[in-house]
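Q: Structure, please.
(one chain, ligands or ions: 1)
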Amino acid sequence: MSREYDVIIIGAGPAGIFCALELAAHSSLSVLMVEKGREVAKRQCVKEASDACRQCQPCSITSGWGGAGAFSDGKLTLTTEFGGWLEEYVGKERLAELIAYVDAIYVRHGAPDRVFGEDSDYLEGLKRRAAQADLRLIPARIRHMGTENTERVLQGFRAALPARVEVHHNEAVQRILVEDGRAAGVLTEQGQYRAPRVVCAPGRIGAQWFVEEAGRLGLALRSNQVDVGVRVEVPAVVLEEITDHAWEAKIVYYSRHFDDTVRTFCMNPHGEVVMENTEGLVTVNGHSWAGKRSDNTNFALLVSQQFTEPFNQPILYGRSIACLANLLSGGVIVQRYGDLQRGRRSTRERIARGVVSPSLREAVPGDLSLVLPHRYMVDLKETIQALDRLAPGIASDHTLLYGVEVKFYSARPRLSAGLQTEIPGLYAIGDGAGVTRGLVQASVAGVLAARDILAEVG
Ligand SMILES: Cc1cc2nc3c(=O)[nH]c(=O)nc-3n(C[C@H](O)[C@H](O)[C@H](O)COP(=O)(O)OP(=O)(O)OC[C@H]3O[C@@H](n4cnc5c(N)ncnc54)[C@H](O)[C@@H]3O)c2cc1C
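A: Okay, the predicted model is just below:
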């Protein structure tokens, strides 16, 4: 089978979806979206029924319409400071405009009106208290969709696309076709599809595939950092003052011992800790619902590592650490902070006696110091102590640490301001291209590629 289109988009995560929406809104170009996962209504994690990850390929949590964001917490971070590196391509001012543009589209499709983090007096006070605890607080405006709303918004995006945007689900792109030095289409297990413009938006789940394709096509790649750490779970009251005002606190700590950057990430008030399966590798994440509330709040604590020459395989490094946790526990390890401090593993009995009841029941009590390198352990302990000065209770013996949480950022190809690679007609956008790491900037990346295409075709 061979069919011709004006544009082919690989991946239907926020980057791919916003590219399609923008193209559809401003042109009559024919578009094919190829997505290896299912449509959103059919994305069902079988684990929910059996309580154990079945390692499905593709994983319904990370693949399908809506991409990795479909069952995400749906926190739209409305700031240029987080969520990606697009500022390097378009500058701060234009990025801020584009963030407002995509945010308005989310709201039009059902994202709630309320924005957290607009109480500047409170945030100034919190910033001062953070500084006294050796922490840097970065204020951010956040719109929280909640997992159930995110799905509704994604259905709305799908319904908004006209028939000239074809979506193929359950079909993986194997190869990007390049002929006479420019993009020519894609090859899937179903056949060949041709188009003079190919937008590659494979997300983190497709990062390794993208690296291999880029290598085959001769695109030079720049290694990105890898963030490795744990998910921290505390009673919601410990962080309530902050989460009520700001929803989440974006906090950075520079460790004394190693001068590493440690940051809080993805705070989920009254949320739950979840497992994430990236092509067989089980790591930890978290989310919260808009209407359902647990007694706990969780957030990630991540150490950022940018490797220098000659090492250039940060993804493999992160995977190797996560593999160790998988080896020891079959998935995710949970440990009480008190046990970690005392150099002993946690047990089911000690956790059951604890103040914090684990929201991820499948996590296996164990010892994270057998998994994370010494440097990471020191960084994380120092940060927990500093955070405790801002929100007393974080360094409690009962605080639960789940490991490991890893954020892989794909290697980045050289890109123009319109996110076009050195191969004319081939675009690389979103988390899979290493230029974003959140819903909002991934969506902005889609708009940028679409506008570049629209400018080229006139
Ligand atoms: C549990 C969880 C919670 C999160 N919570 C938040 C949050 O609250 N706020 C936030 O800003 N961000 C959050 N994120 C991150 C956010 O989801 C991502 O940054 C965002 O989805 C990236 O968008 P993307 O389009 O680049 O990639 P993705 O969303 O990963 O989409 C890529 C798509 O491409 C498909 N694909 C890959 N390779 C191929 C191929 N070869 N052929 C065909 N299809 C392919 C994949 O199946 C996938 O559906 C969360 C992520 C997770 C996993």
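Q: C-alpha only now, for contacts and for neighbours.
A: Fine.
Q: Tell me the secondary structure of Val107, please.
A: helix (DSSP: H, G, I helix; E, B strand; the rest coil).
Q: Quick one: neighbours of the closest residue to it other than its chain neighbours, just the number.
A: Excluding the flanking residues, the one nearest Val107 by Cα to Cα, 6 or more residues apart in numbering is Asp113, at 6.9 Å. Counted with other Cα atoms under 10 Å, the neighbours of Asp113 add up to 12.
Q: mind checking how far Asp113 is from Leu439?
A: Separation of Asp113 from Leu439 (Cα to Cα, to the nearest Å): 17 Å.
Q: just Ala445 next, same as before
A: From Ala445 to Leu439 the distance is 10 Å (Cα to Cα).
Q: again, but for Asp379
A: Counting by Cα to Cα, the gap from Asp379 to Leu439 is 28 Å.
Q: Please apply the same query to Gly156.
A: To Leu439, Gly156 is 16 Å away according to Cα to Cα.
Q: who's more crowded, the two?
A: For Gly156 versus Leu439, the count of surrounding residues by other Cα under 10 Å is larger for Leu439: 27 against 15.
Q: Just give me the neighbour total for Ser416.
A: Per other Cα under 10 Å, the neighbour tally for Ser416 reads 14.
Q: Mind listing what's buried along the longest helix anywhere in the chain?
A: Assignment by DSSP state H gives helix 439-457 as the longest helix of the chain. Buried positions in helix 439-457, judged by neighbour count with 16 or more other Cα atoms under 10 Å: 439-453.
Q: Just give me the closest of the residues you listed to Asp121.
A: Each of the buried residues of helix 439-457 was checked against Asp121 using Cα to Cα; the closest is Val440, at 25.7 Å.
Q: Hmm, the closest one is touching Leu76, no?
A: Yes - using Cα atoms under 8 Å, Val440 is in contact with Leu76, at 5.9 Å.
Q: and for those two, which residues touch both?
A: Both Val440 and Leu76 are contacted by Asp103, under the criterion Cα atoms under 8 Å, 6 or more residues apart in numbering.
Q: what's the burial count for the closest residue to Met377 other than its chain neighbours?
A: Using Cα to Cα, 6+ apart and skipping the chain neighbours, the partner closest in space to Met377 is Ser369 (6.9 Å). Neighbourhood size, Ser369 [other Cα under 10 Å]: 16.
Q: which phi and psi does Ser369 have?
A: Phi and psi for Ser369, reported as degrees, to the nearest 10, are phi -70, psi -10.
Q: Also Met33?
A: Dihedral angles (degrees, to the nearest 10) for Met33: phi -110, psi 130.
Q: ok so, going back, per-residue pLDDT, the residue nearest to Met377?
A: Per-residue pLDDT puts Ser369 at 97.
Q: starting at the chain centroid, how far to stretch 410-419?
A: 18 Å (Cα atoms, centre = their mean, to the nearest Å).
Q: got the buried residues for that stretch?
A: Ser410, Ala411, Arg412, Pro413, Arg414, Leu415, Gly418, Leu419.
Q: just stretch 378-396 next, same as before
A: Judged by neighbour count (16+ other Cα under 10 Å), stretch 378-396 contains these buried residues: 379-391, 393-396.
Q: Endpoints of stretch 388-399, how far apart?
A: End-to-end distance of stretch 388-399 (Cα to Cα): 11 Å.
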